[in-house]
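J.: 3D model of this:
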Amino acid sequence: MRQDSTEGIPKHLPADVRQTLRSYLEEVTKLFGQALEAVILYGSAAGNEFLPDRSNLNILILLAKQDTALLEQYAKIHKRWGKERIVVPLFLTQQELQASAVLFPLEYLEIKELHVLLAGRDPFPTLHVDQRNLGLQYEQELRGNLLRLRQRFVEGGGKQEAILSLLPLSLTSLLPCLRGLLRIKGLSVPAQSDGLLDQLQSHLGIDPTGFREVLSLKRGQSTPGPLEVPRLFDRYVASLEGAIQRVEQLKAEGKW
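T.: Okay, here's the model as predicted:
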């Protein structure tokens, strides 16, 4: 990935986003001082699927030690950065990073495979992610996603606005699990979500129709009408249920 010659901010990001990250780095570096060991960008902004005015900026801040006073100081400045779509960072020490990688292998494998070092030293090349429990976590995440989807549908009263909001959020949290299914099968994971959905269909037999439509919605490429929104919800749920059924088959076949 091309980067600015003097810093790690990805060149593919829009100019205003790069400037936001520069300003953010300056303030965070000043705030944490010697306690700051690394600032890491992960998520869509670290790859090629960042959507201006839609995608968030996900940050991990590695600290030499946890200091409540410093976190209180950060809390005072974050309101401004939240308006710039910077999510509240993950604040970790090196020891915490190692320990949590055992408990959350899916999340840290995703970051390990796709991140950008903005400042400091990169802890991920030497970070060991134990993948023995990945299959169980993938299944838990898939089923949890479906349960949350139903809950939020009811909370939103089944209204069009609520459905159009919750489906992209569901897909965003689902994509790492879908990539994980390919990893378990020993397949390469495409950089783009379109390629990922192609692989799900060709290699795992999962119908990605609902996923594709919501991906298009997430990108702002489609706007379904009032009559079509409930049908879109049903197609998305059908694709999600199909992925869960495929996981059950893989488990039964001992391939998990």
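
J.: Just the helices from the protein, written as ranges.
T.: Along the chain, the stretches classed as helices by DSSP state H are 15-32, 68-82, 94-103, 105-113, 134-155, 160-184, 193-204, 209-218, 229-252.

J.: Contacts for the fifth one, please.
T.: Contacts to helix 134-155, defined as CB atoms under 8 Å, 6 or more residues apart in numbering, come from residues 104-106, 109, 162-163, 166, 170, 173-174, 176-177, 180-181, 183-184, 233, 237, 240-241, 243-244, 247, 251, 256. C-beta here means a position set from N, CA and C on the backbone, and glycine is covered the same way.

J.: List buried residues within those residues.
T.: Neighbour counting with 16 or more other CB atoms under 10 Å marks 105-106, 109, 162-163, 166, 170, 174, 176-177, 180-181, 183-184, 233, 237, 240, 243-244, 247, 256 as buried within the contacts of helix 134-155.

J.: Can you give me the domain assignment for this protein?
T.: 15-120, 134-252 (automatic domain parsing).

J.: follow-up on the earlier one: can you check which of the helices of the chain gets nearest to Asn58?
T.: The closest of these to Asn58 is helix 105-113. By CB to CB, the value is 8.7 Å.

J.: so what does the closest one touch, helix or strand wise?
T.: The helices and strands touching helix 105-113, judged by 3 or more CB pairs under 8 Å, 6 or more residues apart in numbering; DSSP states H and E, are strand 36-42, helix 94-103, helix 134-155, helix 160-184.

J.: For Arg85, which of the ones you listed is the nearest?
T.: Of those, nearest to Arg85 by CB to CB is strand 36-42, at 12.4 Å.

J.: OK, contacts around the most centrally placed residue in the chain?
T.: By CA atoms, centre = their mean, the mean C-alpha position of the chain lies nearest to Gly43, the distance being 4.9 Å. Counting by CB under 8 Å, 6+ apart, Gly43 touches 55-58, 114.

J.: Now neighbour count, pLDDT and distance to Gly157 too, for those, in CSV please.
T.: Formatted as CSV, those follow (neighbours: other CB atoms under 10 Å; pLDDT from 0 to 100; distance: CB to CB, whole Å):
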residue, neighbour count, pLDDT, distance to Gly157
Ser55, 17, 91, 27
Asn56, 16, 94, 26
Leu57, 22, 97, 31
Asn58, 20, 97, 30
Leu114, 18, 92, 36
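
J.: Between all of the residues you listed, which two are separated the most?
T.: For the contacts of Gly43, the farthest-apart pair by CB to CB is Asn56 and Leu114; their separation is 14.9 Å.

J.: so what's the closest residue to Pro176 other than its chain neighbours scoring on pLDDT?
T.: Sequence neighbours aside, Glu110 is the residue nearest to Pro176 in space, at 4.9 Å (criterion: CB to CB, 6 or more residues apart in numbering). You'll see Glu110 listed with a pLDDT of 91.

J.: What number of residues are in the vicinity of the residue nearest to Lys185 when sequence neighbours are not counted?
T.: Excluding its sequence neighbours, the residue lying closest to Lys185 (CB to CB, 6+ apart) is His203, at 6.4 Å. Neighbours of His203 under the rule other CB atoms under 10 Å: 13.
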